[in-house]
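# Sequence first, predicted model second:
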Number of protein chains: 2
Amino acid sequence: MLTQAAEDYLKSIYKLQEKGGKVSTGNLAEYLDVKPSSATGMIKKLKTMKLVSHERYQGVTLTDAGKTIALEIIRHHRLLELYLFKALGVPWDGVHEEAEKLEHVISEDMEARMDAFLGYPTEDPHGSPIPDKNGVVLKAPSVQMTDLNNGQSCVVAEVSDDDSALLRHLGSFSLYPGTAFRVIEVAPFEGPFTIDIAGQQVVIGREVAKHIFVNNIEETDNV
Amino acid sequence: MLTQAAEDYLKSIYKLQEKGGKVSTGNLAEYLDVKPSSATGMIKKLKTMKLVSHERYQGVTLTDAGKTIALEIIRHHRLLELYLFKALGVPWDGVHEEAEKLEHVISEDMEARMDAFLGYPTEDPHGSPIPDKNGVVLKAPSVQMTDLNNGQSCVVAEVSDDDSALLRHLGSFSLYPGTAFRVIEVAPFEGPFTIDIAGQQVVIGREVAKHIFVNNIEETDNV
DNA sequence: TATATAATTTAGCCATGCCTAAATTAATTT
DNA sequence: AAATTAATTTAGGCATGGCTAAATTATATA
């Protein structure tokens, strides 16, 4: 069995790899809120376990074995988020923190029972894909909200799950995955977005919009 | 926040204290499957935290603060056992192992949500009392099955939760808490018990009977 | 009471995983 | 290309919580 710390490193490498491409010691350390020297140490250990590849100063890559474990942990996390949300009514801005601890601890049996209870779901409450039991992830293509233009309509696909305050903010506008909205105006000079959600006009700051991903984009006539 | 190890020590001290009275370093170490010297070390640490009292060679006692934490962990454990059993259908011989890991990790919020979901229960699936949120335990008095005599009828009150094979064995006779049975014969010389459960005759070994506690004892006529 | 035995504690080591500070290597600027 | 700056790694330390082996203290036996 891997330690919790090792699992967290693998998960983080997977997520950084997914976003940015190359994963440096420094990026990884920053993401995990540890010092670079600590990351170096763990990378060395994971390498001896053949869970990552690494050449000095070159960045880390997950091996197939490492990726399998990373996806297993991510699956646990997202199944737990959805389970806590649906079965216990934990608010969507609280499920991440709870899942972060539970993900390392649940058995395969419990994973399977939650999966069945939830009807073999494919998305967590923030719209992130839940890898299936074989580690297969199907992520619908989506676009960062900051790439939208005036007059476009779309549906929220996914939002960041790790910032509780952000989630409460989005929740106050009902900006959940599945919610449709229309861009009324993008303020110039990297300004905020004014959008229409179910007839309500709402202003979304640019920094917030970076954490929102959408799909089903359509051009609509201005009102 | 306490470490998981420290929580396990407090819980174990509470349980040993409950059964036997004096808790020695050796007993504690054996119960936790560590060496006595390891127990000494942790006892010292818990003492500096004022969670236990201890004088060299005299045995350990929980302070009020230590007892509060022990009961909190036991509450988590038993609520989890019942929750896993009722909400996820985990078999009763599997809930202990799972709860053993989860008990250290769930939040107060999750504890409260499970408690509400279950209707503020007072007993886990093995008949052990669930301390309430203030740490109050109400344990109905019960008698070890080995103290029963021929012709007595009773109801199963509680069984040990930590031996999975034993639980499967008991389950095969439907010997759950709440199940009534009548003692047909106690074999002499510390022999096994022959009992009647719902018309079925079953032989229960003495060692097994030591793990079963009963109440509502009545004398009945022999058939 | 003296001695043997059993329980407990101390001393010192190991692995994990974090840290700081210093050294090394790579990348960038002049 | 040389020098500066940035990234990474190494070296050595700390806390946790195990371990073994040796010393100590208590208990039981002769």
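On my side now, so go ahead. Numbering: from 1, shown residues only, chains lettered A, B, ... in the order given.
# contacts and neighbour counts: CA atoms only from here.
OK.
# Pull the contacting residues for the residue nearest to residue A:59 when sequence neighbours are not counted.
Closest residue in space to residue A:59, ignoring its immediate chain neighbours: residue A:24 at 4.4 Å, by CA to CA, 6 or more residues apart in numbering or on different chains. Shown in contact with residue A:24 (CA atoms under 8 Å, 6 or more residues apart in numbering or on different chains): A:57, A:58, A:59, A:60.
# where exactly do the helices run in chain A?
A:4-20, A:25-32, A:36-48, A:64-87, A:95-102, A:108-117, A:164-172, A:206-209 (DSSP state H).
# Most tightly packed of these?
Highest mean neighbour count among the helices of chain A (mean count of other CA atoms under 10 Å in any protein chain shown): helix A:64-87, with a mean of 22.
# and chain A, what are its domains?
For chain A, automatic domain parsing gives the domain ranges A:4-62, A:143-219.
# Now do the end-to-end distance for the last one.
Right, domain A:143-219. 15 Å (CA to CA, to the nearest Å).
# neighbouring contacts of stretch A:128-147?
Counting by CA under 8 Å, 6+ apart, A:68, A:71-72, A:74-75, A:78-79, A:121-124, A:157-159, A:206, A:209-215 sit against stretch A:128-147.
# avg pLDDT for it?
Taken as a whole, stretch A:128-147 has an average pLDDT of 95.
# Ok, stretch A:213-223 next?
84.
# List the buried residues in that stretch.
For stretch A:213-223, burial by neighbour count (16 or more other CA atoms under 10 Å in any protein chain shown) applies to A:213, A:214, A:215, A:217.
# now stretch A:71-87, how far from the chain's geometric center?
How far stretch A:71-87 lies from its chain's middle: 12 Å, per CA atoms, centre = their mean, to the nearest Å.
# repeat for stretch A:166-186
The chain centre lies 17 Å from the centre of stretch A:166-186; the measure is CA atoms, centre = their mean.
# Do me a favour and get the end-to-end distance for it?
Across stretch A:166-186, the terminal residues are separated by 20 Å (CA to CA).
# So in terms of bridging, what pairs with residue A:214?
Residue A:214 has these beta-bridge partners by DSSP bridges: residue A:143, residue A:156.
# for chain A, which spans come out with low pLDDT?
Counting by pLDDT under 70, the low-confidence segments of chain A come to A:222-223.
# Distance to residue B:168 and neighbour count added to the contacts of residue A:24, as TSV?
TSV is the format used below for the contacts of residue A:24 (distance: CA to CA, whole Å; neighbours: other CA atoms under 10 Å in any protein chain shown):
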residue	distance to residue B:168	neighbour count
A:57	55	8
A:58	54	12
A:59	50	17
A:60	47	21
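# restrict those to contacts with DNA strand D.
Among the contacts of residue A:24, proximity to DNA strand D is found for A:57, A:58, A:59 (CA under 7 Å from any atom of the strand).
# so the last one touches residue A:26, yeah?
To tie it back to what came earlier, the one meant is residue A:59. No - contact between residue A:59 and residue A:26 fails when scored by CA atoms under 8 Å: they sit 9.2 Å apart.
# Against residue A:215, how distant is residue A:191?
Distance from residue A:191 to residue A:215, counting by CA to CA: 22 Å.
# swap in residue A:143?
Per CA to CA, residue A:143 is found 6 Å from residue A:215.
# what do you get for residue A:202?
For residue A:202, the distance to residue A:215 - CA to CA - is 19 Å.
# In contact with the nearest residue to residue A:82 once chain neighbours are set aside, which residues?
Closest residue in space to residue A:82, ignoring its immediate chain neighbours: residue A:124 at 5.1 Å, by CA to CA, 6+ apart. By CA under 8 Å, 6+ apart, the residues touching residue A:124 are A:78, A:79, A:81, A:82, A:130.
# any chance of those residues in a markdown table, plus distance to residue A:137?
Listed next are the contacts of residue A:124 as a markdown table, based on distance: CA to CA, whole Å:
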| residue | distance to residue A:137 |
| --- | --- |
| A:78 | 12 |
| A:79 | 13 |
| A:81 | 17 |
| A:82 | 16 |
| A:130 | 7 |
